[in-house]
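In: give the three-dimensional model of this entry:
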Amino acid sequence: MSAPTQRPPKVTEREARQVAEAARQQDWHKPSFAKELFLGRFRLDLIHPHPLPAAEDVRRGEAFLATLRAFCETRVDGARIEREARIPDETVRGLKEIGALGMKIDPKYGGLGLTQLYYNRALALVGSVSPALGALLSAHQSIGVPQPLKLFGTQEQKDAFLPRLARSDLSAFLLTEPDVGSDPARLATTAVPDGDDTYVLDGVKLWTTNGVVADLLVVMARVPASEGHKGGITAFVVEGDSPGITVEHRNAFMGLRGLENGVTRFHGVRVPAAHRIGPEGAGLKIALTTLNTGRLSLPAACAGAGKWCLKIAREWAAEREQWGKPVARHEAVGTKISFIAATAFALEAVVDLASQMADEDRNDIRIEAALAKLYGSEMAWRIADELVQIRGGRGYETADSLAARGERAVPAEQVLRDLRINRIFEGSTEIMHLLIAREAVDAHLSVAGDLIDPDKPLADKARAGARAGGFYARWLPKLVAGPGQLPGTYGEFGELASHLRYVERTSRKLARSTFYAMSRWQGKMELKQAFLGRIVDIGAELFAMSAVCVRAELLRTTGPHGREARQLADAFCRQSRLRIEELFGRLWANTDDLDRRVVDGVLAGSYTWLEEGILDPSDDGPWIADTTPGPSEKENLHRKIT
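Out: The predicted model follows:
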């Protein structure tokens, strides 16, 4: 008789929210531009003048970028990686030789000690040659072992692991499971204490980027509560070749075909207690804090992709002629090129500003980093889609096919496929909407949360009512008028000043809309996910507008392209304002209620007649793979790159 399938713990929706809430970084010790923006306070002083890197950081960063560029030009074959669906071992060895594994690791541990700004520029550069290679480096350093050790590791752990990670060892981050995605309260992998100095891991992890080749793993597992053990989700550093670890499958995807992503099984894996990162129960907080800056690697890759799309669109649209003139001169195509150019400028502005703010460490950038990830992944996908449209049939054709018939091998369709995952991993767009919305309304919940909590007694609600009354008496009047209504405000920005005035006015309008929604729906506000998504999207556009104006002003005062930068910033802001006004309109005029009724009908089978007349090519396998604990019955696909 086979053992029962290991299923995640049964938790209610409320319990799941409590787990996520407990993992949040709940205090705000530093100012946040984006947090203030959602509250209707446009704190331009927090981002202008644009922060700049120190001279030594620039020297070190530019020197490595030159080395990396030469490496990518001579030793990276992106077409081969795409064709063979694997990064050659010699390419990874070359990255180790130039120190690319240690870009973010302190030099005292053998790393390069690059700033977040130059780390992201390096990822954009290498990702333009091979997005799979960029993903390998990002997963290793942004969410893999180095970052959580930097933030939460003991000195002994740093001394033991960081030198290896800087030069020779690849790392991976293992959180997701076959039946657990963005709901970590249901995590099933266990780490059972065995004495005082060892834990025993059992479970299965899915979508382990770098997991097929990783030497060191960060594993999130649930420690059962017991005498002497607080328990809870906990982070561990685990040697990738430990007995009992089996890479059972290497996943294949529509894009990022060279990605070393797999399914990893743990059976009786013994991990020293000294390899636990932080205390028991701190795993989710460690993961979320790591992602605060780790998420910036994705918008960096998106910004690089935007630049490449602009280059191809410019060259192709000037060369291709239809009806007597280049296709770029036809308005139907020209508007797409304008969107690509303006948005590529914005993506770089957003990621550079957020990166430099992270380096400056003067602000809390958890919302800015999340906005950069959300906005970058969505807009880069749109840019790539427009490039494919501009290229027409050649955009849909593979680079190998183009080359085989004598044309330039432009991998437009590959970029579209490669970028699609960014809207899903490290927080899907839907999850990012909810995460950012939670942070955006934090000030409201801090003063009035007990009012809408059904479990709070009347005395707590009364105290919350008093706090809320005082807060809103001071806050609401400030949303009526502001500097955005004065014609001369932000005059130093020249023709871009009107856009900053718009941002200031609109941030107050956004805050008023949020307050009205909370007053209307109260405790049901968290269920209005479509509404919250639009609120966040408006905030993302306002953040991007602020970033492009500040960047354009920086380029005007420090570089030769100030006039062109202002033109791009003006175009982007005008396009963004149209999107914002549409989002505001859809806050209150939408089909959300009707959509919910349709969903009810779909789930009830009311529309199955609509599915007639087709055949489903899927097989009849289970929707979610079996995660029964026990030894693996499959070949271990783990391979070490030396």
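In: low-confidence stretches in the protein?
Out: The model of the chain has pLDDT under 70 over residues 1-23, 450-452, 454.
In: can you show me the strands along it?
Out: Here the chain has its strands, by DSSP state E, at 171-174, 190-193, 198-209, 216-223, 232-239, 245-250, 261-272, 276-277, 321-322, 325-326.
In: buried ones in the second one?
Out: Along strand 190-193, these residues count as buried under the neighbour rule (16 or more other C-beta atoms under 10 Å): T190, A191, V192, P193. C-betas here are computed from N, CA, C, even on glycine.
In: ok, those residues vs H249, which is closest?
Out: Nearest to H249 among these, counting by C-beta to C-beta, is T190 at 21.3 Å.
In: my guess is the closest one contacts V219. True?
Out: No. Under the criterion of C-beta atoms under 8 Å, T190 makes no contact with V219, lying 11.0 Å away.
In: give me the common contacts of the two.
Out: Taking C-beta atoms under 8 Å, 6 or more residues apart in numbering as the contact rule, T190 and V219 both touch L201.
In: re earlier: just the strands of the chain: most buried one?
Out: Comparing those by mean neighbour count (mean count of other C-beta atoms under 10 Å), strand 171-174 comes out on top with a mean of 28.
In: in a markdown table: the strands of the chain, plus distance to E73.
Out: Output for these, formatted as a markdown table (distance: least, C-beta to C-beta, whole Å):
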| stretch | distance to E73 |
| --- | --- |
| strand 171-174 | 27 |
| strand 190-193 | 45 |
| strand 198-209 | 26 |
| strand 216-223 | 30 |
| strand 232-239 | 35 |
| strand 245-250 | 29 |
| strand 261-272 | 27 |
| strand 276-277 | 38 |
| strand 321-322 | 32 |
| strand 325-326 | 30 |
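In: and of those strands, who's closest to C72?
Out: Comparison of the strands of the chain against C72 by C-beta to C-beta identifies strand 198-209 as nearest, at 20.6 Å.
In: give the other helices and strands that that closest one contacts.
Out: The helices and strands touching strand 198-209, judged by 3 or more C-beta pairs under 8 Å, 6 or more residues apart in numbering; DSSP states H and E, are strand 171-174, strand 190-193, strand 216-223, strand 232-239, strand 261-272.
In: let's have these in JSON lines, adding distance to G427.
Out: Shown next, in JSON lines, are the helices and strands packed on strand 198-209 (distance: least, C-beta to C-beta, whole Å):
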{"stretch": "strand 171-174", "distance to G427": "13"}
{"stretch": "strand 190-193", "distance to G427": "24"}
{"stretch": "strand 216-223", "distance to G427": "15"}
{"stretch": "strand 232-239", "distance to G427": "17"}
{"stretch": "strand 261-272", "distance to G427": "17"}
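In: determine which of those strands approaches T67 most closely.
Out: T67 lies closest to strand 171-174 among the helices and strands packed on strand 198-209, at 22.0 Å (C-beta to C-beta).
In: list of residues touching stretch 166-174?
Out: Contacts for stretch 166-174 (C-beta under 8 Å, 6+ apart): 92, 96, 99, 101-102, 105, 109-112, 136, 139-141, 143-146, 161, 165, 205, 208-211, 213-220, 240, 264, 287, 641-642.
In: swap the cut-off to 7 Å and go again
Out: With C-beta atoms under 7 Å, 6 or more residues apart in numbering as the test, stretch 166-174 has contacts from 96, 101-102, 105, 109-111, 139-140, 143-146, 165, 205, 208-211, 213-220, 264, 641.
In: put the alpha carbons of that stretch into PDB.
Out: This file holds the C-alpha atoms of stretch 166-174, laid out as PDB (Å, rounded to 0.1, in the frame of the first residue of the first chain):
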ATOM      1  CA  ALA A 166      31.900  34.800  -5.500                       C
ATOM      2  CA  ARG A 167      34.100  32.600  -7.700                       C
ATOM      3  CA  SER A 168      33.000  29.000  -8.100                       C
ATOM      4  CA  ASP A 169      29.600  27.900  -6.800                       C
ATOM      5  CA  LEU A 170      26.200  28.600  -8.300                       C
ATOM      6  CA  SER A 171      23.200  29.100  -6.100                       C
ATOM      7  CA  ALA A 172      19.400  28.700  -6.300                       C
ATOM      8  CA  PHE A 173      16.400  29.700  -4.300                       C
ATOM      9  CA  LEU A 174      13.800  27.000  -3.500                       C
END
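In: rewinding a little: list just the nearest of the buried residues of strand 190-193 to F493.
Out: Nearest to F493 among these is A191, at 53.8 Å by C-beta to C-beta.
In: find the nearest non-adjacent residue to that closest one, please.
Out: Spatial nearest neighbour of A191, excluding adjacent residues (C-beta to C-beta, 6 or more residues apart in numbering): A221 at 3.8 Å.
In: surely that neighbour and V192 touch.
Out: No. Taking contacts as C-beta atoms under 7 Å, A221 lies outside contact range of V192: 9.1 Å.
In: any residues in contact with both of the two?
Out: With contacts taken as C-beta under 7 Å, 6+ apart, A221 and V192 have no neighbour in common.
In: any idea how far S401 lies from D385?
Out: In this structure, S401 and D385 are 20 Å apart, going by C-beta to C-beta, to the nearest Å.
In: ok, A305 next?
Out: Distance, A305 to D385, using C-beta to C-beta: 12 Å.
In: equivalent analysis for E564, please.
Out: For E564, the distance to D385 equals 25 Å [C-beta to C-beta].
In: and the closest residue to L162 other than its chain neighbours, what does it touch?
Out: In this structure, L162 finds its nearest non-sequential neighbour in Y109, 3.8 Å apart by C-beta to C-beta, 6+ apart. Going by C-beta under 7 Å, 6+ apart, Y109 touches K158, L162, P163, A166.
In: what's the neighbour count on the residue nearest to the last one when sequence neighbours are not counted?
Out: In space, and not counting its chain neighbours, A166 is closest to G102: 3.1 Å by C-beta to C-beta, 6+ apart. When neighbours are counted by other C-beta atoms under 10 Å, G102 registers 26.
In: one more: E280?
Out: Using other C-beta under 10 Å, E280 has 20 other residues around it.
In: how close does it sit to K230?
Out: Using C-beta to C-beta, E280 is found at 5 Å from K230.
In: and P279, by the same measure?
Out: Counting by C-beta to C-beta, the separation of P279 from K230 is 7 Å.
In: now E331
Out: Distance of E331 to K230, computed by C-beta to C-beta: 64 Å.
In: so if I had to pick from the two, which one is more boxed in?
Out: Shown here are E331 and K230; by other C-beta under 10 Å, K230 has more neighbours (12 against 9).
In: Provide a list of residues in contact with the more buried one.
Out: For K230, the contacting residues are E280, G281, by C-beta under 7 Å, 6+ apart.
In: before we move on, what about M432?
Out: M432 sits next to A370, K373, L374 when contact means C-beta under 7 Å, 6+ apart.
In: near the residue lying closest to the first one once chain neighbours are set aside, how many other residues are there?
Out: Distance criterion C-beta to C-beta, 6+ apart; nearest residue to A370, sequence neighbours excluded, is I436 at 5.0 Å. Here the number of neighbours of I436 (other C-beta under 10 Å) works out to 27.
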